[in-house]
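Asker: based on what follows, work out the 3D shape:
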Amino acid sequence: MPLVPIAPADDDARADLRAFLAAADLTLAGLDSPTPRLRLWVDRDAIGTVIGSTGYELSADGAHALIRSVAVAPSARTRGAGSRLARHALADAAAHGARHAWLFSRRSGPFWQKLGFTAADRDALAAALPATHQVQLFRATGQLAREVAWSRPLADLRPTSP
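Answerer: Here you go, the predicted structure:
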């Protein structure tokens, strides 16, 4: 099924996403106070159950994207769903002007490396994306010092002019 964008006013879809991400043990920061810079999608099965999610939050200048909320239900894993979801967020961020993607992941480094990410300095991530919900949460709670950052340029995904 095609990915479905989550509209800022769609409280039911946001609740479904929150429950899905909580079950996946991913950060929920910012899902209740969406900004125009936060873009989220869900993948649903034939009966409407969320089986995947993806998203990103742009920096204030639009040059950087914090990839977040990429998760796949256990029943839908090993079929390339995670890569498809991540690539969707990366391509959309690039299409909206982002030149660089960043993310936090302590558990999934090998997955992200297959998508072109390399280990990054978490302080550089926080400096590039200081106003994002996740960075603000991690700074406020002291969790930033324990996070593992990853990054990749998006030049290969940027639309080219004819």
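
Asker: per-residue confidence at Glu57?
Answerer: On pLDDT, Glu57 comes in at 94.

Asker: OK, contacts around it?
Answerer: When contacts are counted by C-beta atoms under 8 Å, 6 or more residues apart in numbering, Glu57 is found next to 30, 35, 37-39, 65-66, 68, 129, 132-134. Every C-beta, even on glycine, is put in place using the N, C-alpha and C of the backbone.

Asker: can I get the residues you listed in a markdown table including pLDDT?
Answerer: Output for the contacts of Glu57, formatted as a markdown table (pLDDT from 0 to 100):
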| residue | pLDDT |
| --- | --- |
| Gly30 | 83 |
| Thr35 | 77 |
| Arg37 | 88 |
| Leu38 | 91 |
| Arg39 | 92 |
| Ala65 | 97 |
| Leu66 | 97 |
| Arg68 | 92 |
| Leu129 | 96 |
| Thr132 | 93 |
| His133 | 91 |
| Gln134 | 92 |
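
Asker: just to check, Arg106 is in contact with Val148?
Answerer: Yes. Assessed by C-beta atoms under 8 Å, Arg106 is found in contact with Val148 at 4.9 Å.

Asker: neighbour count: those two, which is higher?
Answerer: Under the criterion of other C-beta atoms under 10 Å, the comparison of Arg106 against Val148 puts Val148 first, with 15 against 8.

Asker: and the more buried one, what does it touch?
Answerer: Going by C-beta under 8 Å, 6+ apart, the list of residues near Val148 reads 104-106, 109, 119, 122.

Asker: now Gly55
Answerer: Contacts for Gly55 were tallied using C-beta under 8 Å, 6+ apart; they are 6, 38-41, 67-70, 89.

Asker: who's it bridged to?
Answerer: Taking DSSP bridges as the rule, Gly55 bridges to Leu40, Arg68.

Asker: what does Phe104 give?
Answerer: According to DSSP bridges, Ala149 are recorded as the beta-bridge partners of Phe104.

Asker: please identify which helix or strand holds the spatially closest residue to Gln143 that is not a sequence neighbour.
Answerer: Beyond its immediate neighbours in the sequence, the residue positioned closest to Gln143 (C-beta to C-beta, 6 or more residues apart in numbering) is Leu137, lying 7.3 Å away. Using DSSP states H and E, Leu137 sits in helix 133-141.

Asker: quick one: distance of that helix to the chain centre.
Answerer: The chain centre lies 15 Å from the centre of helix 133-141; the measure is C-alpha atoms, centre = their mean, to the nearest Å.

Asker: stretch 64-82 now?
Answerer: Its chain's C-alpha centre lies 9 Å from the corresponding centre of stretch 64-82 when counted by C-alpha atoms, centre = their mean.
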